[in-house]
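1. structure, please.
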Amino acid sequence: MTEASSITIRRARREDVAAIVGMLADDPLGSARERIEDPLPQSYYEAFARVERDPNLQLVVAVDGDGVVVGCLQLAVLPGISSQAARAACSRTFASQSIAAAAASARSSCSGRSRRRAREVACSSSC
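-> Residues are numbered from 1 along each chain as shown. This is a model prediction of the structure:
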């Protein structure tokens, strides 16, 4: 079982794409729309490159003590009119259902850190 203290959060890298897509496909909705193939379709790598280039998006992964990707989070910073044009952040977290204990730790660790990072990014130009 993976403990929360052994989870590391870092920016996603190209070599993480297959693990991320695997987590996306590991639920009823994702299993119908994602393509798990070997090799992985190039479209996923192209999408990763677009996310990586966009300064308003961040994709991070939760990695356990063995270096296995057990969760991911995509953070989007959006411009808005509300709150006197303050930037808003939203995120989506995924964790592998096949390793439930690690997923719970990754969600917990990733979610708390993502909220802090969202505030940091959103406030960097508007707070």
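
2. C-alpha from now on. contacts and neighbour counts both.
-> Fine.

3. for my notes, confirm C90 occurs in a strand.
-> Yes. Applying DSSP: H, G, I helix; E, B strand; the rest coil, one finds C90 inside a strand.

4. G71 reaches V61, doesn't it?
-> Yes. Using C-alpha atoms under 8 Å, G71 is in contact with V61, at 5.6 Å.

5. what's the mean pLDDT across the longest strand belonging to the chain?
-> Criterion DSSP state E: the longest strand present in the chain is strand 69-78. Here strand 69-78 scores 88 as its mean pLDDT.

6. by mean pLDDT, flag the weakest helix or strand of this structure.
-> helix 100-123 (a mean of 50; mean pLDDT, DSSP states H and E).

7. got any ranges where this structure has weak pLDDT?
-> Within the chain, the segments meeting pLDDT under 70 span 1-5, 88-89, 91-127.

8. what lines up beside the longest strand of the chain in the sheet?
-> When pairs are called by DSSP bridges, strand 69-78 turns out to pair with strand 57-63 (antiparallel), strand 88-95 (antiparallel).

9. flag every buried residue along that strand.
-> For strand 69-78, burial by neighbour count (16 or more other C-alpha atoms under 10 Å) applies to V69, V70, G71, C72, L73, Q74, L75, A76, V77.

10. include distance to E52 when you put those residues into a markdown table, please.
-> Shown next, in a markdown table, are those (distance: C-alpha to C-alpha, whole Å):
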| residue | distance to E52 |
| --- | --- |
| V69 | 18 |
| V70 | 20 |
| G71 | 18 |
| C72 | 14 |
| L73 | 13 |
| Q74 | 11 |
| L75 | 11 |
| A76 | 12 |
| V77 | 14 |
